[in-house]
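Novice: return a 3D structure for these sequence lines:
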Amino acid sequence: MSPLRTLLLFCLALLASPATAVDFATDDERNTIQVFEHARPSVVYVTNQQLVRDPRSWDLMTVPRGASTGFIWNEAGYIVTNFHVIENARQIMITLPDQRSVPAEVVGLAPDTDLAVLKIDPDGTDLQPLHRGDSSRLSVGRKVLAIGNPFGLDATLTVGVVSALGREIQAPNRRTIRNVIQTDAAINPGNSGGPLLNSSGELVGVNTMIYSPSGANAGIGFAIPVNTVKEIVPQLIEHGRLVRPIIGIDIGPDQWARQAGIQGVPILRVAPDLPAARAGLEGARRNRWGSVILGDVIIGIDNHTTRNYDELMTALEKYQPGDEVTVHYVRGQRARTTPLTLAAPQN
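Specialist: Okay, here's the model as predicted:
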C-alpha cells in the first residue's frame, strides 16, 4: 500500500471517529458547579400576594405584590426567608424546584433581625434542606455563592467573596442587626431571603439587602450570619416570635435622657409585680404643676452599655428568663446599681 493511500485512510478514520469533548473547567469552576447543583433543590420562590379591589367591578381579587427567595430549613416543611419579603402578605405561595406552587402559612416573624419562617405541607414533596455551616469560621476573602430569584429570574447563581465581617444594618423596624456579612456576590431585588453558601455548599448566611443608590447591585450586599439564624429560627418555630426576657418597664423618649445630659434609656413606667418594680426602679412622674420629672435612666446591663433602646434590647437578647443581672442606672444625678432577675415575656 502506498504511503499516500495509508495517509488517506488514516485521515478518513479520524473523520469517522466521534469527537471527544475536552473539559477545560478549572477546579474552582467545578466547585462552583457542584455547589449550585447541590443547593439548587433547596431554594424556593416566594410570592407575596395581596387582596385588591377591581376599580371597574369592585370585586376583590388576589394579585402578586412581590416575589423573592427562601430556602428549605427541614423536611417538616419549614422555609426561611426575610421578614420584609412577606410583610403584610395576604397570601403566600411557594414555588418548589419542581415548579409546583403550594400555599404557605406564616409560622413566626422576627422583624428585629429581618427573618421569617413559613410552612408548607410536606406530604408528596421531596424537601431537601441545606446543611448549615458555621459563620464564625468565615474570614474576609473567602469564596461565597448566592442563589436567588432576582427580578423574577429563578435559580440565579452569583459568586463573590466575603468583603467584610461585623457590619451593622437596619432592620425593617429600625432595630440594628449586628455582625452582618458583607459580600460582593451580586445581590439584586428578588435575592432577599435566599442562601449565602460557602465553597462546601453549607449555608453561612441569609441574603437580606443591598447598598445601592440606584436599587440595583453595586457590589455591596449583606447577609444575616447563619449562627444568628440558627438561634432565632427554632424560637420562631416554637413560639412564633423572638423570645427575650423582660425587666417590666415602658420606655420614655430618648430626649428626656439627653436633656438631663445622660446617655441611657429613660423609664416611663414600671409595671407592677415584674422585675423592675421588685428591684425598686422608678418611672417618670408629674409634679404638682404638671411638669414631667425624669425617673430612673438605665445606662447598662452587667457590662453592656445601654445608651438607647436598641442597645438595651440587644443586651437583653444575651440572657434567658430567670437570669440575674446587675442594672446600672442614674437617679437624679447619682449613678446606682441594683440586682434584677429577668422574667419571661408576658403573653
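
Novice: domains for the chain, by residue range?
Specialist: Here the domain parsing of the chain from automatic domain parsing is 39-119, 135-239, 249-341.

Novice: could I get the buried residue list for stretch 298-318?
Specialist: 298-301, 306-317 (16 or more other Cβ atoms under 10 Å). C-beta: built from backbone N, CA, C; applies to glycine.

Novice: Glu29: which of the domains of the chain is closest?
Specialist: When these are ranked by distance to Glu29, counting by Cβ to Cβ, first place goes to domain 135-239 at 9.8 Å.

Novice: start and end of the closest one, how far apart?
Specialist: Counting by Cα to Cα, to the nearest Å, you get 25 Å between the two ends of domain 135-239.

Novice: same question for stretch 80-94.
Specialist: Between the opening and closing residues of stretch 80-94 lies a distance of 11 Å (Cα to Cα).

Novice: ok now do the residue lying closest to Ala335 once chain neighbours are set aside, which residues does it touch?
Specialist: The shortest distance from Ala335 to any residue that is not its chain neighbour, by Cβ to Cβ, 6 or more residues apart in numbering, is 6.9 Å, and that residue is His328. By Cβ atoms under 8 Å, 6 or more residues apart in numbering, His328 lies in contact with 298-301, 335-337.

Novice: C-terminal to the helix or strand harbouring His328, what's the next element?
Specialist: With secondary structure defined by DSSP states H and E, His328 is part of strand 324-331. Using DSSP H and E, the helix or strand that follows strand 324-331 in sequence is strand 334-341.

Novice: pull up the pairing partners for that following strand, direction included.
Specialist: strand 324-331 (antiparallel) (DSSP bridges).

Novice: could you list the buried residues of the strand it pairs with?
Specialist: Going through strand 324-331 with 16+ other Cβ under 10 Å, the ones that come out buried are 325, 327-330.

Novice: which of the residues you listed sits closest to Gly248?
Specialist: Distances from Gly248 to the buried residues of strand 324-331, taken as Cβ to Cβ, are shortest for Val327 (11.5 Å).

Novice: OK, contacts around the nearest residue to the closest one once chain neighbours are set aside?
Specialist: Excluding its sequence neighbours, the residue lying closest to Val327 (Cβ to Cβ, 6+ apart) is Leu340, at 5.0 Å. Residues in contact with Leu340, defined by Cβ under 8 Å, 6+ apart, are 247, 275-276, 278-279, 281, 324-327.

Novice: returning to that earlier point: the buried residues of strand 324-331: which two are farthest apart?
Specialist: Every pair in the buried residues of strand 324-331 was compared (Cβ to Cβ); the two farthest apart turn out to be Val325 and Val330, at 16.9 Å.

Novice: what about the helices in this structure?
Specialist: Counting by DSSP state H, the chain has helices at residues 3-16, 27-39, 83-86, 226-239, 254-259, 275-278, 309-316.
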